[in-house]
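Colleague: build me a model from this:
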Amino acid sequence: MSSQTLTPFSYAILVLVGRGGAGAHDLVRMARQGRIYAAAAESQYYAEPKRLERLGYLSSRKGPGRTNERTHYSLTEKGLDALRGWAREPVRFPRVLHEGVVRLLAADLVGEEPVREGIVALSRELDELETLLDAADAIAATFPHREKYLRINHRLARRLIAAHRDWIADVERELG
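Modeller: Purely as a prediction, here's the structure:
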């Protein structure tokens, strides 16, 4: 990737910075809350805004923080223009390296029981994700400019969780 290239993650950062701006710590918090969608390491939420600022898509200002000075990023016109162009591009189906899918394929190598155990354990994380979604739904109204879009995404996330629960049930039935 060229250091000038915007990636899907770059666009995610631009969107999360949004109208009101955000600091890297805010981006990390949002990623934790929306972790069903997030796949990047927390360190990337600190590095990418700096890169986008160097490229002119974000601007920043320093402000007081709890212990240290904090950097607050804002979209530039160039960043908004990039989002406008990107929004019209066709959405591709997400590429996912799904650990469970790969693990299931290993059943002939390592045995069905350990694979079944590992996959069934995913249910606990799905419970955690549903709890996060409940919390996200509860605060969605506090973002009136994005509430409708947040709720649509939350419904998708709940469908993904339900699909995973169905898949786990298949694994339990077939490997049990």
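
Colleague: quickly list the domain ranges of the chain.
Modeller: As assigned by automatic domain parsing, the chain contains the domains 8-88, 99-175.

Colleague: return the most buried member of the ones you listed.
Modeller: Stretch with highest mean neighbour count among the domains of the chain: domain 8-88 (a mean of 16; mean count of other C-beta atoms under 10 Å). No exception for glycine: its C-beta is placed from N, CA and C like everyone else's.

Colleague: residue contacts, the residue nearest the centre of the chain?
Modeller: The geometric centre of the chain, computed from its C-alpha atoms, lies nearest to Ala38 (C-alpha atoms, centre = their mean), at 2.1 Å. By C-beta atoms under 8 Å, 6 or more residues apart in numbering, the residues touching Ala38 are Ala31, Arg32.

Colleague: can you check Gly176 too?
Modeller: By C-beta under 8 Å, 6+ apart, the residues touching Gly176 are Arg116.

Colleague: pull stretch 124-139 out as CSV, backbone CA atoms only.
Modeller: Taking C-alpha atoms only, stretch 124-139 is exported to CSV below (Å, rounded to 0.1, in the frame of the first residue of the first chain):
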residue,chain,number,x,y,z
ARG,A,124,-19.9,-16.5,25.6
GLU,A,125,-18.5,-13.8,23.3
LEU,A,126,-21.8,-13.5,21.4
ASP,A,127,-23.5,-12.9,24.8
GLU,A,128,-20.9,-10.1,25.4
LEU,A,129,-21.5,-8.6,22.0
GLU,A,130,-25.3,-8.6,22.6
THR,A,131,-24.7,-6.8,25.8
LEU,A,132,-22.6,-4.2,24.0
LEU,A,133,-25.4,-3.8,21.4
ASP,A,134,-28.0,-3.3,24.1
ALA,A,135,-25.8,-0.5,25.5
ALA,A,136,-25.3,1.0,22.1
ASP,A,137,-29.0,0.9,21.4
ALA,A,138,-29.6,2.7,24.7
ILE,A,139,-27.3,5.6,23.8
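
Colleague: for that stretch, give me every contacting residue.
Modeller: Residues from elsewhere that reach stretch 124-139, judged by C-beta under 8 Å, 6+ apart: Gln33, Gly34, Arg35, Ile36, Leu150, Arg151, His154, Ala157, Arg158, Ile161, His164, Arg165.

Colleague: where helices are concerned, which of those residues count?
Modeller: Taking DSSP state H as the definition of helices, those contribute Gln33, Leu150, Arg151, His154, Ala157, Arg158, Ile161, His164, Arg165.

Colleague: and the helix or strand bottoming out on mean pLDDT in the chain, what other elements does it pack with?
Modeller: Ranking every helix and strand in the chain by mean pLDDT, DSSP states H and E puts helix 24-33 at the bottom, with a mean of 86. Helix 24-33 sits against helix 8-17, helix 42-54, strand 70-75, helix 122-139, with contacts defined as 3 or more C-beta pairs under 8 Å, 6 or more residues apart in numbering; DSSP states H and E.
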